[in-house]
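Colleague: quick one: sequence and predicted model below, then my questions.
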Amino acid sequence: MPEEALSITIKVPCGEGETAPQVAFSGTASGLREELGSFFGLESKSVTSLTLHEILVEVSQLARSAEAITSGLGAHVVPQASAPTPPSPQGGPTGSPTSAVLEQIAACQTADELRRLWAANQAAFAQSPVMDAWKARGRALQAS
């Protein structure tokens, strides 16, 4: 039976424990890649380069992290359209959205600031350089 003919069901927990809410997806491997990417705001380029298992690991981490931040910090999800554009350091036009978020990560002075930045810019964190910089800044703040 060809891979595309197999129907797959994936459940992504949005928290810890058996009573945590879940979101379920069903379909073929390629259809699930698109659905998961769209639902969790992942870039289509990154979705096609990952295996379905790697995508599942990533979206599970995103879902659990979002739940932990909202319940642990009392945060709320803010739609991206209403998020203000950060000012450019030189006062001119801003660079790419990625560079703006990288600058904001570097400017964070506490772990709470980093968490709030993540909560307000989740789509940007689907990009590996942004997530890597965020993790590195978090480690640096813990060490100091």
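Modeller: Received it, and whenever you're ready, just let me know what you need. Numbers count the residues shown, from 1 in each chain.

Colleague: biggest helix in the chain, by residue count?
Modeller: helix 52-73 (DSSP state H).

Colleague: could you say what helices and strands that helix packs with?
Modeller: The contact analysis (3 or more Cβ pairs under 8 Å, 6 or more residues apart in numbering; DSSP states H and E) places helix 52-73 against strand 8-13, helix 29-40, helix 111-120. Backbone N, C-alpha and C define where each C-beta goes, glycine included.

Colleague: what does that helix contact?
Modeller: For helix 52-73, the surrounding residues in contact (Cβ atoms under 8 Å, 6 or more residues apart in numbering) are 8, 10, 12-16, 20, 23, 29, 32-33, 36-37, 39-40, 42, 47, 50, 75-77, 112, 115-116, 118-119, 122.

Colleague: cutoff 7 Å now
Modeller: 10, 12-16, 29, 32-33, 36, 40, 47, 75-76, 115, 119 (Cβ atoms under 7 Å, 6 or more residues apart in numbering).

Colleague: next structured bit after it?
Modeller: Of the helices and strands lying after helix 52-73 in sequence (DSSP states H and E), the nearest is helix 97-107.

Colleague: show me what counts as buried in that following helix.
Modeller: Buried residues in helix 97-107, counting neighbours by 16 or more other Cβ atoms under 10 Å, are found at Ala100, Val101, Leu102, Gln104, Ile105.

Colleague: hmm, back to that, what angle sits between the longest helix of the chain and helix 111-120?
Modeller: 120 degrees (axes from the mean of the first three to the mean of the last three Cα atoms, to 10 degrees).

Colleague: list the buried ones in helix 52-73?
Modeller: Buried residues in helix 52-73, defined by neighbour count with 16+ other Cβ under 10 Å: Ile55, Leu56, Glu58, Val59, Ser60, Leu62, Ala63, Arg64, Ser65, Ala66, Glu67, Ile69.

Colleague: can I get it in CSV? Just the C-alpha atoms.
Modeller: C-alpha atoms of helix 52-73 as CSV (Å, rounded to 0.1, in the frame of the first residue of the first chain):
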residue,chain,number,x,y,z
LEU,A,52,6.4,14.0,9.9
HIS,A,53,7.9,12.8,13.2
GLU,A,54,10.1,15.9,13.4
ILE,A,55,7.2,18.2,12.8
LEU,A,56,5.2,16.4,15.5
VAL,A,57,8.0,16.8,18.0
GLU,A,58,8.2,20.6,17.1
VAL,A,59,4.5,21.3,17.3
SER,A,60,4.1,19.3,20.5
GLN,A,61,6.8,21.4,22.1
LEU,A,62,5.1,24.6,20.8
ALA,A,63,1.7,23.5,22.2
ARG,A,64,3.1,22.6,25.6
SER,A,65,5.2,25.7,25.8
ALA,A,66,2.3,28.0,24.9
GLU,A,67,0.1,26.3,27.6
ALA,A,68,2.9,26.6,30.2
ILE,A,69,3.4,30.3,29.5
THR,A,70,-0.3,31.1,29.5
SER,A,71,-1.1,29.2,32.6
GLY,A,72,2.2,29.9,34.4
LEU,A,73,2.5,33.6,33.7
